[in-house]
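[1] structure for this input, please:
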Amino acid sequence: MRQKLFFLGLIVMFALSAIGHFGHWDMTLQFVISAIAIVFVAGFLGKATESVAHYAGQRLGGFLNATFGNAAELIIAIFLVKEGLFDMVKASITGSIIGNLLLVLGLSVLLGGLKYKEQRFNARLADHNGTLMTLAIVALFVPAVFVKIEHFSLDQDKLLSIAVACILIVCYLLWLVFSMITHKDMLADEEMSADHGEEPAWSKGVSVLMLVVATVMVAFVSEWLVHTLDSFTHKFGLSELFVGAFVIAIVGNAAEHSAAIMLAMKNKIGAAVEIAIGSSLQIALFVAPVLILVSTLFNKGSWMDIVFSPIELTAIGVSVFIAKSISKDGATNWYEGVLLLMLYVILGFAFYLV
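    Okay, here's the model as predicted:
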């Protein structure tokens, strides 16, 4: 019954979003409808990914969930890049990273911890994840310092941005080889390989088909949402930084929210951590660099560099620091979830006042 209501809501909100866009409804109303619609389609994407993960295994499943969960954010960001809204793109990248590390992981740890006194996962995997996130921070910090202090020319800035982007993509691809192939057994989690007798929602073929359909729906609703952003931010006097870092990031993270929390409440905290932290890694080491390269194709006269503002670097830095501190021992409890969420609220207030 619950699943039928979900799919009814999905169809209704997708249809309303389409009608609002092509019928040129009030921009604020379009924004609200599109935001609700993208939560539904992201949830649909999460369900399809979870079903595919049943056949692919939980380790690969966590990666697939993070990848397709980030599809919504990547598609939204590509449309923003096409419109030349580079500051909002950088803010949405920042919001995605801190949203996954603080909001998604925080809610998963809190709700899982309320049900189980302590939840454990592979500490070695957590250590590697923390090291990779530190690399991401350093890779974003270095261009910001050199470009600003040394007053790099536009050509130097572009060359450095493209070089760093390519290096980060290579690092991410090598991490996949390391974690999925050469050291797969060392980083495995026992609870991540157990399905607890659960049945997938669909057959293998239908699951893949649903994944494709969900991704296409995300692409359409993302374009309709981006179309309303400029009017929405001006009407309510919100900064691009706040809208990108919190509004777009929360909406785009809907798939990870639902999947990670459900897994944590089934005592699969390792899979939940894999989704939350793995998604942040993917954003920092793959999605952001890809957007840098894509911007050079869309905009011949202007392009997006990899220089983030001090505010954005601070937000990412403190989020990585507390997430690494909490996860390094391979065990979590509900209070650690509270700490992550409190930092997210603090950053939310600070960004709103910018």
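
[2] which parts of the one helix or strand residue 175 maps to are buried?
    Residue 175 belongs to helix 154-177 when elements are defined using DSSP states H and E. By neighbour count on 16 or more other Cβ atoms under 10 Å, the buried set for helix 154-177 is 157, 158, 160, 161, 162, 164, 165, 168, 169, 171, 172, 175. Heads up, the C-betas are built off the backbone N, CA and C, glycines and all.

[3] could you dump these into a markdown table with distance to residue 99 and pLDDT added?
    As requested, these are arranged in a markdown table below (distance: Cβ to Cβ, whole Å; pLDDT from 0 to 100):
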| residue | distance to residue 99 | pLDDT |
| --- | --- | --- |
| 157 | 28 | 85 |
| 158 | 29 | 85 |
| 160 | 27 | 90 |
| 161 | 24 | 90 |
| 162 | 27 | 91 |
| 164 | 23 | 92 |
| 165 | 22 | 92 |
| 168 | 20 | 93 |
| 169 | 22 | 93 |
| 171 | 22 | 92 |
| 172 | 19 | 90 |
| 175 | 21 | 89 |
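
[4] out of those, which is nearest to residue 141?
    For those, the residue nearest residue 141 by Cβ to Cβ is residue 164; the value is 10.7 Å.

[5] what's the closest one in contact with, if anything?
    139, 142, 143, 289, 306 (Cβ atoms under 8 Å, 6 or more residues apart in numbering).

[6] show me what the lowest-mean-pLDDT helix or strand in the chain is packed up against.
    Least confident element among the helices and strands of the chain, by mean pLDDT, DSSP states H and E: helix 249-252 (a mean of 70). Other helices and strands packing on helix 249-252, by 3 or more Cβ pairs under 8 Å, 6 or more residues apart in numbering; DSSP states H and E, are helix 27-56, helix 58-82, helix 86-98.

[7] straight-line length of stretch 226-246, end to end?
    Start-to-end span of stretch 226-246 (Cα to Cα, to the nearest Å) is 15 Å.

[8] and that stretch, how far out from the chain's middle?
    In terms of Cα atoms, centre = their mean, to the nearest Å, the centre of stretch 226-246 is found 19 Å from the chain centre.

[9] for that stretch, give the mean pLDDT please.
    Mean per-residue pLDDT for stretch 226-246: 79.

[10] ok, and what's touching the least confident helix or strand of the chain?
    35, 38-39, 42, 70, 72-73, 76, 92, 94-96, 98-99, 103, 225.

[11] let's see it at 6 Å
    Helix 249-252 is contacted by residues 35, 38, 72, 73, 76, 92, 95, 96, 99 when judged by Cβ atoms under 6 Å, 6 or more residues apart in numbering.

[12] C-terminal to the helix holding residue 175, what's the next element?
    helix 204-236.

[13] for that next one, packing partners?
    helix 2-22, helix 27-56, helix 58-82 (3 or more Cβ pairs under 6 Å, 6 or more residues apart in numbering; DSSP states H and E).

[14] tell me which of the ones you listed sits most buried.
    helix 58-82 (a mean of 23; mean count of other Cβ atoms under 10 Å).

[15] state the mean pLDDT of that helix.
    The predicted confidence, averaged over helix 58-82, sits at 73.

[16] show me the shaky parts of the chain.
    Applying pLDDT under 70 to the chain picks out residues 53, 56-62, 65, 69, 72, 187-201, 252-256, 299-301.

[17] quick revisit: next, format the contacts of helix 249-252 as a markdown table and append distance to residue 349.
    A markdown table is the format used below for the contacts of helix 249-252 (distance: Cβ to Cβ, whole Å):
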| residue | distance to residue 349 |
| --- | --- |
| 35 | 21 |
| 38 | 25 |
| 72 | 26 |
| 73 | 23 |
| 76 | 24 |
| 92 | 19 |
| 95 | 14 |
| 96 | 19 |
| 99 | 15 |
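
[18] what's the closest of those to residue 203?
    Nearest to residue 203 among the contacts of helix 249-252, with distances taken as Cβ to Cβ, is residue 72, at 24.8 Å.

[19] end to end on stretch 292-304, go ahead and measure it.
    OK, stretch 292-304 end separation, Cα to Cα: 6 Å.

[20] which parts of that stretch are buried?
    In stretch 292-304, counting by 16+ other Cβ under 10 Å, buried: 292, 294, 295, 296, 303, 304.

[21] work out the gap between the helix or strand that contains the first one and the centre of the chain.
    In the assignment (DSSP H and E), residue 292 maps to helix 288-298. Averaging C-alpha coordinates over helix 288-298 and over its chain gives two centres that are 17 Å apart (Cα atoms, centre = their mean).

[22] got the angle for that helix vs helix 86-98?
    Relative orientation of helix 288-298 and helix 86-98, computed by axes from the mean of the first three to the mean of the last three Cα atoms, to 10 degrees: 160 degrees.
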